[in-house]
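Visitor: Take a look and give me a structure for this.
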Amino acid sequence: MHHVETITEAGLHQITFANINADEWVDLNFGGVKVYMFCDGYIDTFISAFKMILCFVGGLGIDTDPTKPIRGSHVPAYMEKANVDFLNLTMGYELIERNIKEVEIEESLIQSGDFLAIMRLDGLDPIIMYGAGGHAGHSTMALRFDGELYIVES
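Guide: Numbering: from 1, shown residues only. Now for the predicted structure:
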């Protein structure tokens, strides 16, 4: 059951729910009433929701062609910018673009217990970072079994 109420004045307000069926009563008794408040009004809330959608829509599929803006396994530039802006606005986390895009590490230098922090600007990792208050979306560790390197993810 959903109900939208617009309140424009300060003070005490009362909302009465009528015609609640048995299933809705079970839901209310189990989960209670949940109230979500948007203080910015309809237009600003819509703009915020649209900006959030930009953080998630893209990088869909397995195609690696970077010329395709939404399809493909890559994060498009607009999506990357939306996620960088989100992290800056919500966490004060200012990402600085680096000239080095790829780093190759000799496998023999990686030892069991080495920690690897992963951040992909795909919407999910920034939300994890925001919720956890951290600077990584996923945590991984190197483990060696019988001399073979494995990367495990939490």
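
Visitor: Quickly find the element holding the residue nearest in space to the middle of the chain.
Guide: Taking C-alpha atoms, centre = their mean as the criterion, residue 127 is the residue nearest the geometric centre of the chain, at 2.7 Å. Residue 127 is part of helix 124-132 when elements are defined by DSSP states H and E.

Visitor: Show me which positions of the next helix-or-strand element following that helix end up buried.
Guide: Heading C-terminal from helix 124-132, the first helix or strand you meet, by DSSP H and E, is strand 138-145. Neighbour-count burial for strand 138-145, counted by 16 or more other C-beta atoms under 10 Å, picks out residue 142. (Each C-beta comes from the backbone N, C-alpha and C, glycine too.)

Visitor: Count the residues that sit near the closest residue to residue 93 other than its chain neighbours.
Guide: Excluding its sequence neighbours, the residue lying closest to residue 93 (C-beta to C-beta, 6 or more residues apart in numbering) is residue 87, at 4.3 Å. Counted by other C-beta atoms under 10 Å, the residues lying close to residue 87 total 21.

Visitor: by contact count, what packs against the host helix or strand of residue 87?
Guide: Taking DSSP H and E as the criterion, residue 87 maps to helix 77-91. If you count contacts as 3 or more C-beta pairs under 8 Å, 6 or more residues apart in numbering; DSSP states H and E, helix 77-91 packs onto helix 41-56, helix 124-132.

Visitor: Out of these, which gets the lowest mean score?
Guide: Sorting the helices and strands packed on helix 77-91 by mean pLDDT places helix 41-56 lowest, at a mean of 89.

Visitor: Tell me the secondary structure at the closest residue to residue 107 other than its chain neighbours.
Guide: By the measure of C-beta to C-beta, 6+ apart, the closest residue to residue 107 outside its immediate chain neighbours is residue 149, 5.9 Å from it. Put simply, residue 149 is strand when judged by DSSP: H, G, I helix; E, B strand; the rest coil.

Visitor: Please report how far residue 149 lies from residue 134.
Guide: Look at residue 149 and residue 134: by C-beta to C-beta, to the nearest Å, they are 25 Å apart.
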